[in-house]
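> below are the sequence and a predicted model; questions follow.
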Amino acid sequence: MAAISHTPLDKQLSQLTLRERKKLRTRVTIRRATYRLITEQGYEATTVEQIAEASEVSPSTVFRYFPTKEDIVLTDAYDPAIASSLRERPAGESPLASLRAVMAEVLERSMAHEPEELTQRTRLLVRVPAVRARMTETMSVTAKLLADVLAERTGRRPDDLDLRVFVGAVLSALREVTLHWGEHGCQGNPVALLHQALDGLEGGLRL
């Protein structure tokens, strides 16, 4: 897949402050070291101490950036820019279209720039119960972040029930797409699967 450039997410990443860029580089270094160690010796055998040594930081620094080992696997470089990218979607665009565009862009960037990490992360989600459980926990944080932005765009309260259900349904669709892709050997295009899932969510399940 060709490299993606000049997208809304690129813009948000380019607007990070120097301090934010340094933090992002540290997170990326830790994450890449983690994947390398997991490839060499497996998930369970990889310790935070080993990750810290391979990243040339202290274990406390690893924990400062990632509360758990599972978070290192699940967190990617684009998380800090997602809310801002969603906030910049066209004002008249439907919430589903906006979320679809932002999530598809993140997947496309991952496929273009970090295909091996995306594949390894997905396989770990399928194979390691602790990673899958942590993903479910962290989805609540992501859901609140997205609900806050959509509340601004729609004039609803962030705790509006319909809004919470909507965001939860979209994120659950993304989770199931990820697991489905991993369970089928990470074959095919996950972006196409995402569009398929959201089309089904929008149109309803036909008997």
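Happy to help now that I have it. Residues are numbered from 1 along each chain as shown.
> I'd like the next helix or strand past the top helix by length along the chain.
Criterion DSSP state H: the longest helix present in the chain is helix 129-154. Going down the chain from helix 129-154, the next helix or strand is helix 161-183, by DSSP states H and E.
> tell me what that next one is packed against?
Where contact means 3 or more C-beta pairs under 8 Å, 6 or more residues apart in numbering; DSSP states H and E, helix 161-183 is packed against helix 95-113, helix 115-127, helix 129-154, helix 190-203. For the C-beta atoms, the positions are set from N, CA and C on the backbone; glycine is no exception.
> winner for burial among those?
helix 95-113 (a mean of 19; mean count of other C-beta atoms under 10 Å).
> pull that one out as CSV, backbone CA atoms only.
These are the backbone C-alpha positions of helix 95-113, laid out as CSV (Å, rounded to 0.1, in the frame of the first residue of the first chain):
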residue,chain,number,x,y,z
PRO,A,95,-21.3,11.2,13.5
LEU,A,96,-21.0,7.7,12.0
ALA,A,97,-19.3,9.1,8.8
SER,A,98,-16.9,11.1,11.0
LEU,A,99,-15.9,8.1,13.1
ARG,A,100,-15.7,5.9,10.1
ALA,A,101,-13.3,8.4,8.4
VAL,A,102,-11.1,8.8,11.4
MET,A,103,-10.9,5.0,12.2
ALA,A,104,-10.3,4.1,8.6
GLU,A,105,-7.5,6.7,8.4
VAL,A,106,-5.7,5.2,11.5
LEU,A,107,-5.9,1.7,10.1
GLU,A,108,-4.7,2.9,6.7
ARG,A,109,-1.7,4.6,8.3
SER,A,110,-0.9,1.6,10.3
MET,A,111,-1.1,-0.7,7.2
ALA,A,112,1.2,1.7,5.3
HIS,A,113,3.8,2.6,7.9
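> for that helix, give the mean pLDDT please.
Mean per-residue pLDDT for helix 95-113: 92.
> can you spell out which helices and strands pack onto that helix?
Right, helix 95-113 is packed against helix 8-14, helix 79-87, helix 115-127, helix 129-154, helix 161-183, helix 190-203 by 3+ C-beta pairs under 8 Å, 6+ apart.
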